[in-house]
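A.B. asks: Just the structure for this:
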Amino acid sequence: MPHFPDPDVVPSDQPSANGSSTVFAERLWVPIWWWVAALFVAGLLAAELHMGAPGVRAWLPYLLVLPIPIWAMFWMSRLRVEVIDEKDGRHLRVGEAHLPVDVIARAAEVPASAKSAALGRQLDPAAFVQHRAWVKTMILVVLDDPDDPTPYWLVSTRRPAKLLAAIDGARSPE
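C.D. replies: Reported below is the predicted structural model:
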C-alpha cells in the first residue's frame, strides 16, 4: 500500500520568508460531512426561495445563499497549531497566540474520554483554551512563567503524539 505524505504536517526543513522553520503544523479542518450537510441545507433554503420566481430571479437565491456555508466552513477551519523555530526562539503557535517553548513546564495528551472533564468541572477560568468540537483529542500545556497569569493551555489537535514530540524536541536543554 503506498504511503502518502500527511498534508497537515510540514517537515522542519522548510524555512519561511522571515527565516523561521516549521517543526509541526496542523490545520483543524471541519469534517467533510459538515461541508455536505451545510451545502445541502443551503441548497434547500435556496430552493425554497427559488419557488415561484420566474426567469433570472430563480437563480439569484443560489448565487446569494450557497457561498455562505462555504465561507462558514473555511472560517471554522482557520485554526492552525504550529511549533516553529524563529530567530528569537522556538514557539508554540495556536492561531494568533504564541508561547515560547522555554516557559512550558510539561505537556500531556488529553484523551477523548477525559475531554469533557478537562473542559468542564476541572477547567481553570484563567486557562487559554482553543477547542474545536469536531476534534476528539487535545493537549494540555502547563506553563512555568511567573509573569503570565495563565496556568495552562488546552489545545485541540488530531495528532497529539506528533505535537507533543515536536514540543519536546523544540524545548531547549536546561
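
A.B. asks: tell me which element the residue nearest to Ala47 when sequence neighbours are not counted falls in.
C.D. replies: In this structure, Ala47 finds its nearest non-sequential neighbour in Pro61, 7.8 Å apart by CB to CB, 6 or more residues apart in numbering. No exception for glycine: its C-beta is placed from N, CA and C like everyone else's. Assessed by DSSP states H and E, Pro61 sits inside helix 60-65.

A.B. asks: Check what pLDDT Phe36 gets.
C.D. replies: One thing to correct before we go on: residue 36 is Val, not Phe. According to the prediction, Val36 has pLDDT 95.

A.B. asks: how close does it sit to Arg132?
C.D. replies: Look at Val36 and Arg132: by CB to CB, to the nearest Å, they are 18 Å apart.

A.B. asks: my guess is Val83 is in a strand, correct?
C.D. replies: Yes - counting by DSSP: H, G, I helix; E, B strand; the rest coil, Val83 is located in a strand.

A.B. asks: Is Ile139 bridged to anything, and to what?
C.D. replies: For Ile139, the beta-bridge partners are Glu109, Val155 (DSSP bridges).

A.B. asks: hmm, back to that, please say which of Val36 and Arg132 ends up with more neighbours.
C.D. replies: Using other CB atoms under 10 Å, the more surrounded residue of Val36 and Arg132 is Arg132, with 18 against 10.

A.B. asks: Tell me which residues of stretch 42-51 come out buried.
C.D. replies: 42-43, 45-46, 49-50 (16 or more other CB atoms under 10 Å).
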